[in-house]
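Predicted model and sequence follow; I will ask about them next.
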Number of protein chains: 2
Amino acid sequence: MKIAVDFSPAQSHNYAVHIDALERLSFSGKVAIVTNPKVAGLHLKTLLGHIEAKELYIITVPDGETHKTLANVEYIIENLLNHRFDRNATLIAFGGGVVGDMVGFAAAIFQRGIKFIQIPTTLLSQVDASVGGKTGVNNRFGKNLVGAFHQPSAVYCESAFLATLPSREFGAGVAEIIKMAVTFDAEFFAFLEKNNLHETSHLQNAVARSIAIKANVVAQDEREAGVRAVLNYGHTFGHVIENETGYGRFLHGEAVAIGMRMANALARKLGYIGDEEEERISTLLRSYGLHFSYPVANPEAFYQAFFLDKKSLDATIAFILPKGIGNYTIVKDAPKETVLEVLQEFDR
Amino acid sequence: MKIAVDFSPAQSHNYAVHIDALERLSFSGKVAIVTNPKVAGLHLKTLLGHIEAKELYIITVPDGETHKTLANVEYIIENLLNHRFDRNATLIAFGGGVVGDMVGFAAAIFQRGIKFIQIPTTLLSQVDASVGGKTGVNNRFGKNLVGAFHQPSAVYCESAFLATLPSREFGAGVAEIIKMAVTFDAEFFAFLEKNNLHETSHLQNAVARSIAIKANVVAQDEREAGVRAVLNYGHTFGHVIENETGYGRFLHGEAVAIGMRMANALARKLGYIGDEEEERISTLLRSYGLHFSYPVANPEAFYQAFFLDKKSLDATIAFILPKGIGNYTIVKDAPKETVLEVLQEFDR
């Protein structure tokens, strides 16, 4: 005997990302703002000016990637249970990607899923982590190995919160913006070449454009079965760089920027972009301080590290490469020698 | 500025429940069977006769509701990471509801979601927990407070695995079958009155019918926004009984059976069923040993406990009551005095 269980409509709800449009958020149920001490010190007062709630709780988690753990997610959930939060409660993630990923995951698994709102306070999390519903934590085996897909009910990106961002963190966020332009949008790339993002109106435009690209990608492919993988342009190389340097030397976006230059060199060798296009991308990265030198000490070891990351028996590496500027290609059969050449020659 | 993130198609896949149809399960990727020592001792050999896998792992978790914890889910996940499981791996939950809920949750959050198969070995988990995608764990604050909705990719219900079930556990499973019949299917109820489920062919039919009802309900309402709540017939009272008796005295299905009799008494007082229908349900329950006496020591405390369970500020209690046999009604405005009367008179 066999019984079919047929699901009809979508689980994931639609939602909106608001750019510099945070006015008043009113809640009838319980609300918890989860933040870190640094963001709380700088911006909590401002945020509270926008919040109207019958019962408001503030939960503080430590700052930094090493604290993105299941233990801290449990800490958030224990706080909610202590205060008798129920399924109608809302969490607000107020901070960078670490806070966003943990709060999203806590919201995903508390009572099998409650609502949460993203209010990202770094450029990187505004253009990248806050949209798309990837949530999760790290453990001793690696990054984001435990998590869930759980979409926020709304995202608010405020440029005011970016005013206090250290310049390297700003640059690391711009790297992800450039990534979007190179792989998806030639016109946007030209815009970035012409306009300095330190000016607020240009930044607003660039954040909006990046998010629109990402929103379009994740709406097509929430679970990363296809096109969503293109968002990993620069990341295949970047992850190895982060691993080799122990996550201490470069910010994520900085490692991705180096990874993009490696991917570009491979794309040039394989005939997907020309010298001039490669140079235009490098120039744009350089103008935001994203031109760290990274000569590869051991190309063979670097190459093998791609496969460690894949964790599977017979893995192939899919390189996301630019195809001209504004388009991408996914190359699964790049010859090992060509990749080694790229690594050998890189930044020499 | 505002950017829409629009999701189109469904996240949850369709799947099938197979009754006594387990033949050969073949896997090209890694597979882990998660089970408990009791089930492994009785039935693992049989199951292994049906499994063909390139790499097979067995993970054993302790038996019993007190072990349905996040720590044990982490233990499962650490095992997977130690053995370098990736997103293409499959978990098989082989045991009762505790194993099923934990394995389902581990599958939900490992690498943001991998496949899992339910092979339930108790009648209760065959007809109830294995279908519908509710996964989760308990903590010191209560049951199933942390979890996710994650549908299995297939469910296999084998009557052979039920042969070793202690008679009380069998009865507790029948309680949930009767629950389905009373609220959704008069013809099925008549079938149960006529046919003894200790005979395998009748049991197969009853399991199939129960699952078909549940499958239909959860496909309509995966996230329990509406009709899925009807599956809680008997549970509103039953949970209080389980709490009052510290989860030691009654099996879950036994407490639900008492709860169904309380709900029936309320339904009779409110005019939704007659004396005769109430008696028919009691008679059927009694024939499977489900007629535990439960005089309520303190009706007022029992009543207040409904609200503790709700965890919210201004909760109302929705009583799921039979409306005749084979239909249900949801009563949100039952007068407190009437409920107290029911509790006062119950089993005196």
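Perfect, thanks for sending it. Numbers count the residues shown, from 1 in each chain, chains lettered A, B, ... in the order given.

Only C-alpha atoms from now on, for both contacts and neighbour counts.
OK.

Report the separation between A:Gln151 and A:Leu231.
17 Å (C-alpha to C-alpha, to the nearest Å).

go on, A:Val207?
A:Val207 is 15 Å from A:Leu231, by C-alpha to C-alpha.

so is A:Ala297 in a helix, a strand, or just coil?
A:Ala297 carries the three-state label coil when classified by DSSP: H, G, I helix; E, B strand; the rest coil.

same deal with the one 10 residues further on?
When classified by three-state DSSP, A:Phe307 comes out as helix.

leaving aside the residues next to it on the chain, what's closest to it?
Of all residues beyond its chain neighbours, the one nearest A:Phe307 is A:Ala315 (6.8 Å), with distances taken as C-alpha to C-alpha, 6 or more residues apart in numbering or on different chains.

One more: A:Ile3?
If the residues on either side of it in the chain are set aside, A:Ile3 comes closest to B:Val17, at 5.0 Å by C-alpha to C-alpha, 6+ apart.

how many neighbours does the one you found have?
A count of nearby residues for B:Val17, using other C-alpha atoms under 10 Å in any protein chain shown, gives 26.

got a list of what it touches?
A:Lys2, A:Ile3, A:Ala4, A:Val5, B:Val131, B:Ala154, B:Val155, B:Tyr156, B:Cys157, B:Ile211 (C-alpha atoms under 8 Å, 6 or more residues apart in numbering or on different chains).

Give me the subset of the residues you listed that lies in helices.
B:Ile211 (DSSP state H).

For A:Gly95, give its distance to chain B.
Distance, A:Gly95 to chain B, using C-alpha to the nearest C-alpha, to the nearest Å: 20 Å.

that older thread, now do whichever strand or helix holds the residue nearest to A:Ile3, average pLDDT.
Taking DSSP states H and E as the criterion, B:Val17 maps to strand B:15-19. For strand B:15-19, mean pLDDT is 92.

Need the three-state assignment for the nearest residue to A:Phe141 once chain neighbours are set aside.
Nearest non-adjacent residue to A:Phe141, counting by C-alpha to C-alpha, 6+ apart: B:Leu81, 6.9 Å away. On the three-state scheme (three-state DSSP), B:Leu81 is labelled helix.

Would you mind giving me the confidence score for B:Leu81?
95.

Counting neighbours, which bits of the lowest-mean-pLDDT helix or strand in chain A end up buried?
Lowest by mean pLDDT, DSSP states H and E among the helices and strands of chain A is strand A:2-5, with a mean of 75. By neighbour count on 16 or more other C-alpha atoms under 10 Å in any protein chain shown, the buried set for strand A:2-5 is A:Lys2, A:Ile3, A:Ala4, A:Val5.

got it, and stretch A:242-255?
By 16+ other C-alpha under 10 Å, the buried positions in stretch A:242-255 come out as A:Glu242, A:Phe250, A:Leu251, A:His252, A:Gly253, A:Glu254, A:Ala255.

Relative to A:Ala172, how far out is A:Phe292?
Counting by C-alpha to C-alpha, the gap from A:Phe292 to A:Ala172 is 12 Å.

out of these two, which sits in the busier spot?
More neighbours surround A:Ala172 than the other of A:Phe292 and A:Ala172, with 25 against 14 (other C-alpha under 10 Å).

The more buried one looks like it's in a strand, true?
No - with three-state DSSP as the criterion, A:Ala172 is helix rather than part of a strand.

per-residue confidence at it?
So, for A:Ala172, pLDDT stands at 96.

got a list of what it touches?
A:Ala172 touches A:Leu123, A:Leu124, A:Leu251, A:His252, A:Gly253, A:Glu254, A:Ala257, A:Leu290, counting by C-alpha under 8 Å, 6+ apart.

same deal with A:Phe319?
With contact set as C-alpha under 8 Å, 6+ apart, A:Phe319 has these partners: A:Tyr233, A:Thr236, A:Ala263, A:Ile330, A:Val331, A:Lys332, A:Ala334.
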